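Asker: sequence below, structure please.
(chains A, B, C and D)
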2 protein chains.
Amino acid sequence: MNTPQGLRMCPLFAGLPEDNLKELSTIAIGKKFARGELIFSDGDAGEGFYVVIHGRVKLFKLGMDGREQILHFVANGDPFGEVTLFSGVSYPAFARAATDLEVLFFKRNDFEALVRQDPQLSLNMIAIMSHHLRRFATLVEELSLKDVPARVAKYLLDSATRNGREHDAGIEFDLDISKTELAQRLGTISETISRTLGKMKSTGIIDTNGKKVTILDMDTLEEVASGLRK
Amino acid sequence: MNTPQGLRMCPLFAGLPEDNLKELSTIAIGKKFARGELIFSDGDAGEGFYVVIHGRVKLFKLGMDGREQILHFVANGDPFGEVTLFSGVSYPAFARAATDLEVLFFKRNDFEALVRQDPQLSLNMIAIMSHHLRRFATLVEELSLKDVPARVAKYLLDSATRNGREHDAGIEFDLDISKTELAQRLGTISETISRTLGKMKSTGIIDTNGKKVTILDMDTLEEVASGLRK
DNA sequence: CCCAATCCTTGACTTAAGTCAATGTCGACC
DNA sequence: GGTCGACATTGACTTAAGTCAAGGATTGGG
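Answerer: The predicted structure is shown next:
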């Protein structure tokens, strides 16, 4: 994966000339982390950024009481920690390996020279940052303006759109993160997630079995997601 | 302000060669908006982005009940709506003129060609986006993990750092936004802001008189801001 | 299969903060 | 100076959701 061909799979490096891919593969430093290991902490000096080769990373903020708010997950091909390249010197969040993990690390100084000479690389970086900004705007909207059932409903709908399979009774998919992580992503606690899913189940909107979710009443779930119904 | 010299005042255009500033001044379209006027809506097709020449813009999300969550304010020299340049085709939030306003509008097609040819411009864009991402990470942290008094206290401390004047009794500054806007920025309602400030006043932490705030007990305020004290 | 650790669920209770209503204050305009 | 609209304050009440505790379910390793 530390080859020009391998790097081309990453959106950040798409469309780059062979020479620059070669240069990138020489400055890339491979690293491995075990599941649960901290990659960097909020406020740590940022010497560079990472690209996920294999696995998943959880980026999060930590509250005084130990609560976590997940900002987002990043997976194969995604960069993270890139904010430190050009703005400030510290990481603005914690990053932890959510699975066993392989990443490439790019030192700021090495990378910046390349960005200066390759317009496509800088455009790719801008596109990725734009995507992150959009995602944040949505997260802020949900945390501030929607109640928990609406957030859960929206998450279920988004999951069904991404991974759902038509089924006898409705649309079925497997939750891709644990209930605890779901709570941390939606800005709540796992007790509330259990209660909310339980209520949706008892009112016939969904059915669940372990990680499996079946959406039984899509219309009502959409109403809950949009705040038209509790 | 629609001149190369004028444009140079904007962080996005800092350090650019004269030729490119000239080019930018030819593609820039001046626009004016009256206070309160909507510039674009969440979901509108994004044809380009704006730079504030004179005045202030409020970027916000809107809830089902009419509540607003302010994402941030932008003022002189700041770009906004730049996310649509490279990622998706719609604006991800509302933008409204918070004062009488003059802006420059840059069409996406015109601007993109310039970004491709000027590394400094793309780096400036990346730096600005990085700054916005940091700001969002902080906003998410506060909305999810801090209670309202802590958010208010932090806002007061930040304001004192930016605009505070030493005074007999403590540090004094004028609130730069209305109490309603403060509530919308901090993810709450104005009643709660009144109550919170009133409590801080009655416990001797601060004194207020209209828009004027005096911090009387900086240490306690810092404890409230960090969640060590209610 | 057993056990330990971790995750999940459920219930009782509490609380931060929102809803609604009424009243007061401020600033702009005539 | 008076009026009006917008903003701010205060109080009573309600509620969404968090805290705490206990027990159940699941998973992975030996």
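
Asker: tell me how far the residue nearest to residue A:136 when sequence neighbours are not counted lies from residue B:72.
Answerer: Counting by CB to CB, 6 or more residues apart in numbering or on different chains, residue A:136 lies nearest to residue B:136, which is 3.9 Å off, once chain neighbours are set aside. All C-beta spots, glycine's among them, are computed from the backbone N, C-alpha and C. Applying CB to CB, to the nearest Å, the value for residue B:136 to residue B:72 is 8 Å.

Asker: what's the answer for residue A:133, then?
Answerer: 11 Å.

Asker: which of those two has more neighbours?
Answerer: residue A:133 (20 against 16; other CB atoms under 10 Å in any protein chain shown).

Asker: beta partners of the residue minimising distance to the centre of chain A?
Answerer: Closest residue to the average C-alpha location of chain A: residue A:73 at 2.3 Å, with CA atoms, centre = their mean. Beta-bridge pairing for residue A:73 (DSSP bridges): residue A:58.

Asker: picking that back up, the helix or strand where the residue nearest to residue A:136 lies - what's its average pLDDT?
Answerer: Under the criterion of DSSP states H and E, residue B:136 resides in helix B:119-145. On average, the pLDDT along helix B:119-145 is 94.

Asker: wait, the residue nearest to the centre of chain A touches residue A:178, no?
Answerer: No: in terms of CB atoms under 8 Å, residue A:73 does not count as a neighbour of residue A:178; the distance is 11.7 Å.

Asker: okay, now the domains of chain A?
Answerer: Recorded structural domains for chain A (assignment: automatic domain parsing) are A:4-144, A:146-226.

Asker: end-to-end on the longest one?
Answerer: In other words, domain A:4-144. 43 Å (CA to CA, to the nearest Å).

Asker: not counting the helix or strand of chain A with the lowest mean pLDDT itself, show me its contacts.
Answerer: Every helix and strand of chain A was ranked by mean pLDDT, DSSP states H and E. The lowest is helix A:4-7, at a mean of 80. With CB atoms under 8 Å, 6 or more residues apart in numbering or on different chains as the test, helix A:4-7 has contacts from A:1, A:13, A:18, A:21-22, A:24-25, A:28, A:53.

Asker: tell me if stretch A:44-64 is near DNA strand D.
Answerer: No: Stretch A:44-64 lies out of reach of DNA strand D by CB under 7 Å from any atom of the strand, never closer than 8.7 Å.

Asker: for that stretch, buried residues please.
Answerer: Neighbour-count burial for stretch A:44-64 flags A:44, A:46, A:48-53, A:55-61 (criterion: 16 or more other CB atoms under 10 Å in any protein chain shown).

Asker: check whether it contacts DNA strand C.
Answerer: No: no part of stretch A:44-64 sits near DNA strand C under the criterion CB under 7 Å from any atom of the strand; the closest distance found is 11.7 Å.

Asker: just the terminal-to-terminal distance for that stretch.
Answerer: 18 Å.

Asker: quick one: mean pLDDT for it?
Answerer: Stretch A:44-64 comes out at a mean pLDDT of 93.

Asker: so how far is that stretch off the chain centroid?
Answerer: Offset of stretch A:44-64 from its chain centre (CA atoms, centre = their mean, to the nearest Å): 11 Å.

Asker: pull stretch A:194-207 out as PDB, backbone CA atoms only.
Answerer: The C-alpha coordinates for stretch A:194-207 follow below in PDB (Å, rounded to 0.1, in the frame of the first residue of the first chain):
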ATOM      1  CA  SER A 194     -31.400   1.600  24.500                       C
ATOM      2  CA  ARG A 195     -34.600   3.400  25.500                       C
ATOM      3  CA  THR A 196     -35.000   5.100  22.200                       C
ATOM      4  CA  LEU A 197     -34.500   2.000  20.200                       C
ATOM      5  CA  GLY A 198     -36.800   0.100  22.600                       C
ATOM      6  CA  LYS A 199     -39.600   2.600  22.100                       C
ATOM      7  CA  MET A 200     -39.200   2.500  18.300                       C
ATOM      8  CA  LYS A 201     -39.400  -1.300  18.600                       C
ATOM      9  CA  SER A 202     -42.500  -1.400  20.800                       C
ATOM     10  CA  THR A 203     -44.300   1.100  18.500                       C
ATOM     11  CA  GLY A 204     -43.500  -1.100  15.500                       C
ATOM     12  CA  ILE A 205     -41.300   1.400  13.600                       C
ATOM     13  CA  ILE A 206     -38.300  -0.900  13.700                       C
ATOM     14  CA  ASP A 207     -37.300  -4.400  14.900                       C
END
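
Asker: list the buried residues for it?
Answerer: Neighbour-count burial for stretch A:194-207 [16+ other CB under 10 Å]: A:196-197, A:200, A:205-206.

Asker: so where do the strands sit in chain A?
Answerer: A:29-33, A:38-40, A:48-54, A:57-62, A:68-74, A:79-80, A:94-97, A:101-107, A:165-166, A:171-174, A:206-209, A:212-215 (DSSP state E).

Asker: is the second one in proximity to chain B?
Answerer: No: contact of strand A:38-40 with chain B is not found when judged by CB under 8 Å from any CB of the partner chain; the minimum separation is 13.5 Å.

Asker: partners of that strand in the sheet?
Answerer: strand A:94-97 (antiparallel).

Asker: same check, this time on the last one
Answerer: Looking at strand A:212-215 with DSSP bridges, its partner strands are strand A:171-174 (antiparallel), strand A:206-209 (antiparallel).

Asker: pipe these into CSV and attach distance to DNA strand C and mean pLDDT per row.
Answerer: Below are these laid out as CSV (distance: least, CB to the nearest atom of the strand, whole Å; pLDDT from 0 to 100):
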stretch, distance to DNA strand C, mean pLDDT
strand A:171-174, 12, 93
strand A:206-209, 7, 92
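
Asker: mean neighbour count, the ones you listed: which tops it?
Answerer: Among the strands paired with strand A:212-215, strand A:171-174 has the highest mean neighbour count (mean count of other CB atoms under 10 Å in any protein chain shown), at a mean of 18.

Asker: list the contacts for residue A:215?
Answerer: By CB under 8 Å, 6+ apart, residue A:215 lies in contact with A:156-157, A:160, A:164, A:170-172, A:205-206, A:221.

Asker: farthest-separated two in those?
Answerer: Across the contacts of residue A:215, no pair lies farther apart than A:164 and A:205, at 14.7 Å, counting by CB to CB.

Asker: for the record, mean pLDDT for stretch A:177-194?
Answerer: 95.

Asker: which parts of chain A sit against DNA strand C?
Answerer: With the criterion set to CB under 7 Å from any atom of the strand, chain A comes near DNA strand C through A:178-180, A:190-191, A:193-195, A:197-198, A:208.

Asker: quick one, what contacts residue A:220?
Answerer: Counting by CB under 8 Å, 6+ apart, residue A:220 has contacts A:203, A:205, A:229.

Asker: which among these gets closest to residue B:151?
Answerer: Residue B:151 has its nearest neighbour among the contacts of residue A:220 in residue A:229, at 29.9 Å by CB to CB.
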